[in-house]
Every structure is written in C-alpha cells, then in structure tokens.
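Q: Sequence first, then the predicted structure, then my questions.
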Amino acid sequence: MEAYVYGVKRSLPAGFEDYFDRSATAIVSIDMHEGHLADSPDCPCPAPRAREIVAPINAFHRSARVLGVPIIHVRSVLRKSGVDDLNGIPSAWRATFPLYVGPISGADAHAIEGSRWTNFVTEVAEGDEIVETKKRLSAFYPTDLDFLLRNMRVTTLVLNGGFTDCCVLNTAFDASNRTYRVIVARDLARGTNEEMEDAALKMISLHLGLVMDSADILQAWSQRQSSPARMIE
C-alpha cells in the first residue's frame, strides 16, 4: 500500500490495516453539484477544475459499489428565505473569496433549495445515501452525517470532491477530530488552484489521515478478496 506523505509517494509501514476494512468504510463525496460545476456564467460558486474529476469519480464509485463500499453524496442546501446565509449571518467566503477571484455574479443563488444549483452532476445510484443540509464548509456542519455514519458502523471515510483546500480539508479535520480514519483520494479532489490543493493535501497527510490515489485505494480493498478490483468505466 502506498500513500503520499508531504507530496511524496511512499510505501506504508505496518499499522494501517484498519484504514482498509471495507466493511467499516464509506465514501463521502462533497459538493459535486451544479452550483460548483455548471459551465455557465451564472454558476454561483464556480469550481471549473473539478469538472475534470466528474467521470473519474463516477468510475471510482461504480467500482466501490461492486466491492460493497457505500457512497454518501453531500451537497450544500440553503433555505429559500436566505436566513441560513445572506439574510442571517453571511458565510465568511462571500467576503473573502472574491478578494482573490474577483466578483462572483451569481453568488446570491448559491445552494438555494429547489434550484438547479443543488442538482448533482456525479451519478447517484439506488442504495447511495444523500446528506443535504450542509450550510458551511464541513460536511459535518450542521448535518446528520455523523449520525448516519455511526448507524452504518463506519469508522473510515474516503473523501473526494471539492474544494480540496476548503470543504474537503474542513471535513477531514472534523472527521479526524471525531476519531474517524480519513483517506483523501488525491486524484478525485480539486482545489482552488494547484498550489492550494497541494498545500491542503500536505496538511492532511501530516495531521489528519492518508492521501492516496484512487487506484491504490481500490487495490488495498481488493487484497481482502480473491481477485483484484479494477476501475469500472
């Protein structure tokens, strides 16, 4: 088994076996919906780099389902009244992120319930779970994700989605603080830019869990069955 430690791929020593127990693992896919991924000028919070991982995430999820690993899709959803954000206490990113990227013309529509922006772009299969009360950066806040995971007897999370340096990083911190084992699929997460993505993955690798390629995660899971797993296209 191999993982990235501060950006360098290394063989893992003994002691990480519990990270790869499929029976106690779930994949948490974060914010892969149109509010980030739509290729249109009115996209409320564009994450164009994440569009390239839609197909790879779908392929990884298909392979995981075959192995019996459950998928949990998390999306941001805000009340139509705006009380969760703009008409309550606005999210910090609304003030700070535009300082870097410039004005975001459709930002007021971000994650509004019932809008197209909350539609998933990645595949959601029968049997997958959905968590849709995420209103800030972490998939745990203020959602029922922890309740769901504990009822599923899950102790290890494999994270993918976006942004690596924002929602994925925040979720990894919250998961680790709740004593979950954390794995981030390096090739299935995208950040604000390559520099920020790299920094987030390095922090995760030192303090929160494992950073691995998705093919290596599948291979580690496959070692618990007779024939190797393969990515399903």
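A: Looks like it arrived, so ask away. Numbers count the residues shown, from 1 in each chain.

Q: my read: Thr155 touches Asp18, true?
A: Yes: using Cβ atoms under 8 Å, Thr155 makes contact with Asp18 at a distance of 7.4 Å. Every C-beta, even on glycine, is put in place using the N, C-alpha and C of the backbone.

Q: and those two? which has more neighbours close in?
A: Neighbours were counted for Thr155 and for Asp18 using other Cβ atoms under 10 Å; Thr155 has more, 17 against 11.

Q: Mind listing the strands the lengthiest strand in the chain pairs with, and their directions?
A: Secondary structure of the chain read by DSSP state E shows that its longest strand is strand 181-190. Strands flanking strand 181-190 in the sheet, each with its direction: strand 156-162 (parallel), strand 210-212 (parallel) (DSSP bridges).

Q: List the contacts of it.
A: Residues outside strand 181-190 that contact it (Cβ atoms under 8 Å, 6 or more residues apart in numbering): 4, 18-19, 47, 49-50, 52-53, 56-57, 60, 155-164, 168, 172, 175-176, 197, 201, 204, 208-214, 217.

Q: picking up where we left off before, could the strands paired with strand 181-190 be laid out in JSON lines, adding mean pLDDT, distance to Thr118 and mean neighbour count?
A: Formatted as JSON lines, the strands paired with strand 181-190 follow (pLDDT from 0 to 100; distance: least, Cβ to Cβ, whole Å; neighbours: other Cβ atoms under 10 Å):
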{"stretch": "strand 156-162", "mean pLDDT": "98", "distance to Thr118": "14", "mean neighbour count": "26"}
{"stretch": "strand 210-212", "mean pLDDT": "98", "distance to Thr118": "29", "mean neighbour count": "26"}
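
Q: So which of those strands is nearest Val69?
A: Distances from Val69 to each of those were compared using Cβ to Cβ; the minimum, 7.7 Å, belongs to strand 156-162.

Q: export that closest one as CSV, just CAs?
A: Extracted as CSV, the C-alpha positions of strand 156-162 are listed here (Å, rounded to 0.1, in the frame of the first residue of the first chain):
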residue,chain,number,x,y,z
THR,A,156,-13.1,5.1,7.9
LEU,A,157,-14.0,7.8,5.4
VAL,A,158,-12.7,8.1,1.9
LEU,A,159,-13.2,11.7,0.8
ASN,A,160,-13.5,13.1,-2.7
GLY,A,161,-14.9,16.3,-4.4
GLY,A,162,-14.2,19.9,-3.9
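
Q: still on that earlier bit, from the middle of its chain, how far away would the following helix or strand past the longest strand of the chain be?
A: Per DSSP states H and E, the first helix or strand lying C-terminal to strand 181-190 is helix 194-207. Taking Cα atoms, centre = their mean, to the nearest Å, one finds the center of helix 194-207 at 14 Å from the center of the full chain.
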